[in-house]
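K.L.:
Structure here, sequence nowhere to be found:
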């Protein structure tokens, strides 16, 4: 098998791991392991391939699970480093995402991931971005070595707790994954400059949105994660879950909205609205659901509300809230047209505010309005959020 064939297999094998912002679409895959990733600085190309798609694990949702009869291949750390640096020097990619199946065991697989990064840093003097996946069961020594050569480390929890993990894998232990995240956090507290992320697969284990939301909040508070990624479950042929219905993408989008409400808006889990099954509402975004569920807080006077109160208004995000504060310092706001320059979504905002004591809209339009991408409010387009 030549290198191009290997890259085709190993590139597609990595597509379900989130390394940028949001799910990878067919349009994001360029060729041979090169993907477009959206970041706070714009769109860049990431070289994103597995070192190997051979794996000893039995994860019920995974395209690389040991029981599947699919083409398998492996690329050496030296070859990976050489291929990447060639692409980087030709300006075809701006960063590297390193992951692998587990073969023959997690120790050897982690050694190979670390070696690939070390070759890039030491032999090729590459100083750019490396995101490395920490494999289940990695030792403290492996995590330390990875942190020494990578900018970002990630351990995919996939599910919110141990009980849900048992539904997906007999080999993985949830407590081991959390222990790895704890160790990365301790390294960061000691001054090691590396960020940390995780990922949930939504719907594979029949967990509720509420389960994931509270797990996301806990992880944010415990480990100060740079990001949490959400991937709606998609069935893979020849796996135990091949006949399971795919998770609606709206669930993924709603969870991204919640995560940004936590990170950018100061929301907490108990402010969110769930249905009787613990699911976020699908017909209205979480911030609007909060407003509709707390009518006693509205309308909010646009000239008097502090920054945090402004963030409770649908249609107002962190950027527009700061611009409103700046506008008020220059003079009183008296008309909705003045707020267009702030970036606020006027149609969404008006049912929840008064402007100079005047009310300009009816709550009948509270569920309407335009949606903005997360790019507008958090430097990322990972899903859709209504400000």
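P.N.:
Looks like it came in fine. These numbers were taken from a predicted model, which means no experiment stands behind them. Residues are numbered from 1 along each chain as shown.
K.L.:
Not counting sequence-adjacent ones, nearest residue to residue 127?
P.N.:
residue 121 (7.8 Å; CB to CB, 6 or more residues apart in numbering). From N, CA and C alone the C-beta is placed, and that goes for glycine too.
K.L.:
Secondary structure of that neighbour: a strand, I assume?
P.N.:
No. Checked against DSSP: H, G, I helix; E, B strand; the rest coil, residue 121 lies outside a strand; its state is helix.
K.L.:
What about residue 139? Give its phi and psi, please.
P.N.:
With angles defined as degrees, to the nearest 10, residue 139 sits at phi -80, psi 170.
K.L.:
if we can go back for a sec, relative to residue 195, how far out is the residue nearest to residue 127?
P.N.:
Look at residue 121 and residue 195: by CB to CB, to the nearest Å, they are 17 Å apart.
K.L.:
And for residue 108?
P.N.:
Residue 108 is 26 Å from residue 195, by CB to CB.
K.L.:
More neighbours: which of the two?
P.N.:
residue 195 (16 against 12; other CB atoms under 10 Å).
K.L.:
what sits against the more buried one?
P.N.:
Residues in contact with residue 195 (CB atoms under 8 Å, 6 or more residues apart in numbering) are 151-153, 188, 226.
K.L.:
go on, residue 134?
P.N.:
Taking CB under 8 Å, 6+ apart, one finds 110, 142-143, 146, 153-155, 180, 184 in contact with residue 134.
K.L.:
same deal with residue 300?
P.N.:
309-310, 312-313, 352-354.
K.L.:
Okay, helices next: where are they in the stretch 101-250 of the chain?
P.N.:
Counting by DSSP state H, counting those that start in this stretch, the stretch 101-250 of the chain has helices at residues 106-118, 140-149, 162-165, 174-189, 209-223, 249-264.
K.L.:
Between those helices, which one is closest to residue 5.
P.N.:
helix 106-118 (19.5 Å; CB to CB).
K.L.:
Residue 272 is in contact with residue 214, correct?
P.N.:
No. With contact defined as CB atoms under 8 Å, residue 214 does not reach residue 272; the gap is 9.6 Å.
K.L.:
between those two, which one's more packed in?
P.N.:
residue 272 (24 against 17).
K.L.:
wait, what's in contact with the spatially closest residue to that one that is not a sequence neighbour?
P.N.:
Take residue 272 and drop its neighbours on the chain: the residue closest to it by CB to CB, 6+ apart is residue 286, 5.6 Å away. Residue 286 makes contact with 254, 257-258, 261, 267, 272-273, 280, according to CB under 8 Å, 6+ apart.
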